[in-house]
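J.: Following is a predicted model, sequence given first.
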Amino acid sequence: MSFLDEINQYDPQQVLAGIEAKTAADVERALSVERLRPADLQALLSPAAEGYLEAMAQKAHRITQQRFGKTVLLYAPIYLSNECSNGCLYCGFNATNKVPRKTLSLDEIERDALVLHGQGFRHILLVTGEAPGRVDNDYIAAAVRRIKPMFSSISIEVYPMEEDGYRQMVEAGVDGLTIYQETYDRDLYEELHPFGKKRDYDFRLLTPERGGSAGLRRIGIGFLQGLGNFRSEAFFAGLHALYLSKHFWRSLISISFPRMRPAEGAFPPKNPVSDRHLTQLICAMRLLLHDAGLVLSTRESAELRDNLLPLGITQMSAGSCTAPGGYGEEDRSTEQLGVKRSFSSVGWAAPSHLKPGNPTPYPACTPGTRIYGP
């Protein structure tokens, strides 16, 4: 049974109603058990759990240190192309947006890679829009082969491929896949994707399974916070991660927490997610998924990232530029979205404990320390 079969057993409105009906007693039970049931995840995502954030944070911190120690993997994205044929209403790459379009040559890709390698990065994420006529599997595979000698890990966040396409990526040197469902609400998904290949909800939902079957060692999923209700979206993301962990146990499963940020088209968030709710979401996911990677992006401020790191974050993007070729250029008119650059693309502006390669990116929290701050 695929995850599509599993998610089709749930009604999103009933799931949300169930979450909102959870009580303090339900939250306390969820905090007392070692492994969560779906009902326990609902409790930790409920409004009732907001009064237990400190207890959730303390437990999430303990689990993270037990499973991952005090390390955070830093990676940087390289945007290969911002050309796209999709009509995603919330995205700066939307085909109808009047923005400069660019697809990098292999020499330009290598130039950006050299900049990041010189800054100490050894893990990178290659990103594209979806433009079949300009960016295809062969182009991405050639890019990977060109820069592979510089990096220990290369992941891709591109258009969904068939299983054979992911096998081609593995052969070229890719070891990780990131693919966001954006929203697990099928009706909302259809509304937000009026045209383009991305309109196919089922094909996108099953993409992580094709990647896992092709042998990718790392699979990252997530939803775009600000589209659907974060409580029900997080519930389905958690179920998705559990499914992948069970069926593709050789792969490390991770969940990302991207919040909507300003982009070309000025699409307003339908359901904004506050810092407090983001904190609740991260803690709930760590209590559900003890061994999963939890990923935070440069979209968030440096202060917030510093506060969230001890709660379960194991991977973080840094020094990000979302414009193709932007690491070596001043013109960033092709950027996808605005990011918080506390890590400069021309030099580190962060404390030394957050530089690539440092094994202790945040201080240890002693017993009694308040983990979740105001």
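T.: Now that the structure is in, tell me what you want to look at.
J.: drop to CA atoms for contacts and neighbour counts, all remaining ones
T.: Will do.
J.: Could you list the low-pLDDT ranges of the chain?
T.: Scanning the chain for pLDDT under 70 picks out the ranges 262-266, 329-374.
J.: ranges for the helices of it?
T.: Taking DSSP state H to define them, one finds helices in the chain at 3-7, 12-20, 24-32, 38-44, 53-68, 106-118, 137-147, 163-172, 186-192, 201-205, 207-213, 230-247, 275-288, 302-308.
J.: between the ones you listed, which gets nearest to Tyr327?
T.: helix 106-118 (5.7 Å; CA to CA).
J.: Next up, the contacts around the residue most central in space within the chain.
T.: With distances taken as CA atoms, centre = their mean, Ser256 lies nearest the centre of the chain, 2.6 Å away. Taking CA atoms under 8 Å, 6 or more residues apart in numbering, we find Ser256 in contact with Gly220, Ile221, Gly222, Phe223, Leu294, Val295, Leu296, Ser297.
J.: what's around Gly51, how many residues?
T.: Gly51 has 11 neighbouring residues, counting by other CA atoms under 10 Å.
J.: do the one 5 residues further on as well
T.: Residues near Met56, counting by other CA under 10 Å, number 26.
J.: burial measure for the nearest residue to it once chain neighbours are set aside, as a count.
T.: Once flanking residues are discounted, Met56 sits nearest to Cys283: 5.9 Å by CA to CA, 6 or more residues apart in numbering. By other CA under 10 Å, the residues close to Cys283 number 28.
J.: again, but for the one 3 residues further on
T.: Using other CA under 10 Å, the number of residues around Arg286 comes to 25.
J.: Wait, it touches Ala60, no?
T.: Yes. Taking CA atoms under 8 Å as the definition, Arg286 is a contact partner of Ala60 at 5.7 Å.
J.: Touching, Phe236 and Glu182? I think so.
T.: No. Using CA under 8 Å, Phe236 makes no contact with Glu182, being 11.6 Å away.
J.: Against which helices or strands is the longest strand along the chain packed?
T.: Using DSSP state E, we find that the single longest strand of the chain is strand 73-79. If you count contacts as 3 or more CA pairs under 8 Å, 6 or more residues apart in numbering; DSSP states H and E, strand 73-79 packs onto helix 106-118, strand 123-127, strand 315-317.
J.: Who does the last one pair with, and is each partner parallel or antiparallel?
T.: Each strand pairing with strand 315-317, determined using DSSP bridges, is listed with its direction: strand 73-79 (parallel), strand 293-296 (parallel).
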